[in-house]
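**Student:** Provided below for reference: sequence and predicted model.
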Amino acid sequence: MCERRVNRLPVVKDDKLIGIVTRADLVRAFTRGDEEIERKIEDDVLGRTLRIEKGRVEVAVSRGTVRLEGVLHTLSDTELLERLVGRVPWQVDDRSRKGRRALEEAAR
């Protein structure tokens, strides 16, 4: 859609137009919500990977933008946290059962 500068696509069933899908609709369907991103950072990055005790770093996500606030022991810890948070996937993996369920819920 981007390559051909297409903003909308018709949705057809039995040769009958039943709706229109936009690029924004598709992006919304394949992205994670702020709460899910925040939970992933808190549980996986801070908790399991870096083993930073709960409450030491505050995580806030708004419209996909992550804000971290807290104090870590070293500058290299801070840089590592920044790199790991940047790798948190914002897309839903549609190959997994959980991902397919999220897509189905977003489509409703």
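**Tutor:** In hand now; what should we look at? Numbers count the residues shown, from 1 in each chain.
**Student:** for D34, see how far away K16 is.
**Tutor:** 37 Å (C-beta to C-beta, to the nearest Å). Quick note: C-beta positions are derived from backbone N, CA and C, even for glycine.
**Student:** which strands and helices lie in contact with the helix or strand encompassing D77?
**Tutor:** Assigned by DSSP states H and E, D77 falls within helix 75-86. Counting contacts by 3 or more C-beta pairs under 8 Å, 6 or more residues apart in numbering; DSSP states H and E, helix 75-86 is packed against strand 65-70.
**Student:** now the strand it packs on against helix 75-86, angle please.
**Tutor:** 150 degrees (axes from the mean of the first three to the mean of the last three C-alpha atoms, to 10 degrees).
**Student:** mind exporting strand 65-70 as CSV, just the C-alpha atoms?
**Tutor:** Extracted in CSV, the C-alpha atoms of strand 65-70 (Å, rounded to 0.1, in the frame of the first residue of the first chain):
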residue,chain,number,x,y,z
THR,A,65,6.2,6.3,23.3
VAL,A,66,8.0,4.9,26.4
ARG,A,67,9.1,7.0,29.3
LEU,A,68,11.4,5.5,32.0
GLU,A,69,12.1,7.1,35.3
GLY,A,70,14.3,5.9,38.0
